[in-house]
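Engineer: 3D model of this:
(chains A and B)
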Amino acid sequence: MATTNTKDPNAAVGLEGGTVIAVTRRARLAEFWYYFSQNRGAVIGLYIFAAIVVIAVLAPLIAPHSPSVQNRGAFLLPPAWETAGSWSFILGTDAVGRDLLSRLIYGARFSLFIGVVVVSVAVSVGIIVGLVAGYFRGAIDTVIMRMMDIILAFPSLLLALVLVAILGPGLVNAMIAIALVQQPHYVRLTRAAVMGEKGREYVTAARVAGASNLRLMFKTILPNCTAPLIVQAALSFSTAILDAAALGFLGMGAQPPTPEWGTMLAEAREFILRAWWVVTFPGLAILITVLAINLMGDGLRDALDPKLKRS
Amino acid sequence: MSEIVLETRGITRDYHIGGGLFGAGRTINALKGIDLTLEKGKTLAIVGESGCGKSTLARIITMIDAPTSGELLIDGAKVDITKKRLDSEMRRKVQIVFQNPYGSLNPRQKIGDVLMEPLIINENVPEAERRERAMAMLTKVGLQPEHFNRYPHMFSGGQRQRIAIARALMLNPRLLVLDEPVSALDLSVQAQVLNLLADLQDEFGLTFVFISHDLSVVRYIADEVMVMYFGEAVEYGTRDEVFQNPQHDYTKTLFAATPRADVESIRKRLAAKAA
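Structural biologist: Modelled structure (predicted):
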């Protein structure tokens, strides 16, 4: 028969295809990893990100000094390889004599924490609100989208500042404020994707099969909208870290002596000409983390989207 | 004795086009009173040009959209989706196969999940039995068991249409609405799918509403034919009546416009050209 497919499935598909009926979770994971590992940048990003996570978790074991102990007589010490440097402070010290490396290691905890919390709050709220708006349309949609337009009409940092001013300064309140500022992007993305998918025939087919609204929204439509959301989540992970840093700089975010990378950057601004290391290393830490996450997000999208898979 | 599976009485459907800042809204009568009855095991073909209301009628029969007025009876029971939600018993009686095989399958669902989804929603059967029934349906429509765990994008148009047909049949419907099921496929595959449909009709005692604009396909598969023109049924009768003795001007034009490729008509055309 002309319609029997004689093409051999490739190795990864064969893992769970063929006569093996039980699709185990492991096989699915193996398939995901196969497609993810095709993208070299994504794998490198994943390794770097994993390393950062490990560093953050094991910070008390790795860090050579306490992040908040001030070493008198070691103010603004340059990194070890510079002429005046000392090997006990590998990356040098800051203006009050704290070890930069230890602060960076502890700072990884805060930055990852901020990114994870902000993104997950913004994503989960944004997806639900966007799904409702895009699926039901009508008056609900109008009300929701006008509210999002109002939030988007403010300069984001200003709005975050106002919110923090209302809630009171501090890391947790800063995170809530940033999540609220970021969430309209997710609402819009989700709504646009849902509207595009809702008119497709497979949605109608599922409806004819008797699927309820909730099932249509979350099981049929939502999985087809994830690709732009994943990329957006990866990108706003960095925005979250940067916004938190900006709030810290204005005295509204993480309070000193918290070794948050952004706050460190802000504290070091006045020494930029005299001591390059106090701004360079926190900046590099942010850059490397953000780049790794973005690369990973790209690979994630490729691996999660079956349309990009080669059959 | 034959039982009536589908009956419609004076079904109309209006679409309101909202007026903008200037100018009032308009109302478009997509369907202007369609009456039809269809017996079990028969095929009704609905023919007509684009925009004549074929697909609107299909959506109403499938209980996706509600008619503006008129009655829809399925198995003698009146259906009104605006008044109360359909129960799964009613829902499963009518299923649909769409025209575009590339849009009608969820790209993130494996074929097995596509086939098992209707069972998960409507029936409380154990996982193993679901799998078994889906597998049986897959082989019934001419696919292999190893296709069970593949994604839709790995299949050709004809195979996808087979999958769509299999999905529609999972719930053992009484009535299958086929909205131009072969018009997106190439000719040899069209024939295969049409033969498959005919076989399945015999096996399950299915009733078909077959929407098409291809008269040669209609002549092949239909028992009864309805010709639609701007929301009205201008011609309705058995296939032979309609094809041999068309009454309405539009039907005559439609038949005259069908290209003919048999040797006789080609000779005639060449002779006419030479003269």
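Engineer: tell me which parts of the stretch 101-250 of chain B are close to chain A?
Structural biologist: B:103-108, B:110, B:117-118, B:121-122, B:131, B:135, B:142-151, B:153-156, B:158-159, B:162, B:164, B:167, B:171, B:188-189, B:192 (C-beta under 8 Å from any C-beta of the partner chain). For glycine as for every other residue, the C-beta is placed from the backbone atoms N, C-alpha and C.
Engineer: center of the chain - which residue?
Structural biologist: You didn't say which chain, so I picked chain A. By C-alpha atoms, centre = their mean, chain A has its centre lying nearest to residue A:237, at 3.0 Å.
Engineer: nope, chain B
Structural biologist: Residue closest to chain B centre, computed by C-alpha atoms, centre = their mean, is residue B:178 at 1.8 Å.
Engineer: Which of the three states applies to that one?
Structural biologist: Of the three states, residue B:178 takes strand under DSSP: H, G, I helix; E, B strand; the rest coil.
Engineer: Can you get me a residue count around whichever residue of the stretch 151-275 of chain B sits closest to chain A?
Structural biologist: Sorted by distance to chain A under C-beta to the nearest C-beta, the residues of the stretch 151-275 of chain B start with residue B:154, at 3.9 Å. Residue B:154: 20 surrounding residues under other C-beta atoms under 10 Å in any protein chain shown.
Engineer: Look up the pLDDT of it for me, please.
Structural biologist: On the pLDDT scale, residue B:154 is placed at 85.
Engineer: Equivalent analysis for residue A:58, please.
Structural biologist: So, for residue A:58, pLDDT stands at 91.
Engineer: What of the one 4 residues further on?
Structural biologist: On the pLDDT scale, residue A:62 is placed at 86.
Engineer: tell me the average confidence for stretch B:253-268?
Structural biologist: 78.
Engineer: who in the stretch 101-250 of chain A is up against chain B?
Structural biologist: A:200-202, A:204-212, A:215, A:220, A:223-224.
Engineer: Just the buried ones out of these, please.
Structural biologist: A:200-202, A:204-211, A:215, A:220, A:223-224 (16 or more other C-beta atoms under 10 Å in any protein chain shown).
Engineer: Between those residues, which sits nearest residue B:267?
Structural biologist: The shortest approach to residue B:267 among those belongs to residue A:201, at 43.4 Å (C-beta to C-beta).
Engineer: So what touches stretch A:132-139?
Structural biologist: A:140-141, A:144-145, A:187, A:190-195, A:198, A:213, A:216-217, A:221 (C-beta atoms under 8 Å, 6 or more residues apart in numbering or on different chains).
Engineer: Take those residues and keep only those in helices.
Structural biologist: Counted as lying in helices by DSSP state H, out of these, are A:140-141, A:144-145, A:187, A:190-195, A:198, A:213.
Engineer: top of those by neighbour count?
Structural biologist: residue A:190 (28 neighbours).
Engineer: For chain B, give me its nearest residue in the stretch 51-200 of chain A.
Structural biologist: For the stretch 51-200 of chain A, C-beta to the nearest C-beta, closest residue to chain B: residue A:200, 5.3 Å.
Engineer: same for the helix or strand harbouring residue A:180, what does it pack against?
Structural biologist: Per DSSP states H and E, residue A:180 falls inside helix A:171-198. The contact analysis (3 or more C-beta pairs under 8 Å, 6 or more residues apart in numbering or on different chains; DSSP states H and E) places helix A:171-198 against helix A:100-136, helix A:138-153, helix A:156-167, helix A:226-249.
Engineer: what is the orientation angle of it with helix A:100-136?
Structural biologist: Here the directions of helix A:171-198 and helix A:100-136 differ by 40 degrees (axes from the mean of the first three to the mean of the last three C-alpha atoms, to 10 degrees).
Engineer: Pull up the gap between residue B:268 and residue B:246, please.
Structural biologist: Counting by C-beta to C-beta, to the nearest Å, the gap from residue B:268 to residue B:246 is 21 Å.
Engineer: what's the answer for residue B:24, then?
Structural biologist: Taking C-beta to C-beta, one finds residue B:24 at 39 Å from residue B:246.
Engineer: What is the nearest of the residues of the stretch 101-250 of chain A next to chain B to residue B:17?
Structural biologist: For those, the nearest to residue B:17 is residue A:204 (22.0 Å; C-beta to C-beta).
Engineer: Let me see the contact set for the residue nearest to residue A:101 when sequence neighbours are not counted.
Structural biologist: Leaving aside its chain neighbours, residue A:101 sits nearest to residue A:91 (4.3 Å; criterion: C-beta to C-beta, 6 or more residues apart in numbering or on different chains). Neighbouring residues of residue A:91 by C-beta under 8 Å, 6+ apart: A:79-80, A:99-101, A:104, A:277, A:281.
Engineer: What of residue B:68?
Structural biologist: Here residue B:68 is in contact with B:12-14 (C-beta under 8 Å, 6+ apart).
Engineer: Just the buried ones from these?
Structural biologist: Of the contacts of residue B:68, these count as buried by 16+ other C-beta under 10 Å: B:12-13.
Engineer: can I get the contacts of residue B:68 in JSON lines with distance to residue A:158 and secondary structure?
Structural biologist: Below are those laid out as JSON lines (distance: C-beta to C-beta, whole Å; DSSP: H, G, I helix; E, B strand; the rest coil):
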{"residue": "B:12", "distance to residue A:158": "55", "secondary structure": "strand"}
{"residue": "B:13", "distance to residue A:158": "51", "secondary structure": "strand"}
{"residue": "B:14", "distance to residue A:158": "49", "secondary structure": "strand"}
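Engineer: Average pLDDT for stretch B:203-219, rounded please.
Structural biologist: Rounded mean pLDDT across stretch B:203-219 is 88.
Engineer: Any idea how far stretch B:39-57 is from the middle of the chain?
Structural biologist: The chain centre lies 7 Å from the centre of stretch B:39-57; the measure is C-alpha atoms, centre = their mean, to the nearest Å.
Engineer: Start and end of that stretch, how far apart?
Structural biologist: Start and end residues of stretch B:39-57 are separated by 18 Å (C-alpha to C-alpha, to the nearest Å).
Engineer: next structured bit after the helix or strand bottoming out on mean pLDDT in chain A?
Structural biologist: When the helices and strands of chain A are scored by mean pLDDT, DSSP states H and E, helix A:11-16 comes last with a mean of 39. Per DSSP H and E, the first helix or strand lying C-terminal to helix A:11-16 is helix A:25-37.
Engineer: what residue ranges in chain A score low on pLDDT?
Structural biologist: Flagging of chain A using pLDDT under 70 yields the residue ranges A:1-25, A:304-311.
Engineer: quick one: the helices in chain B?
Structural biologist: Listed in chain order, the helices of chain B (DSSP H) span B:54-61, B:88-91, B:111-122, B:127-140, B:157-169, B:187-204, B:215-221, B:239-244, B:249-256, B:263-274.
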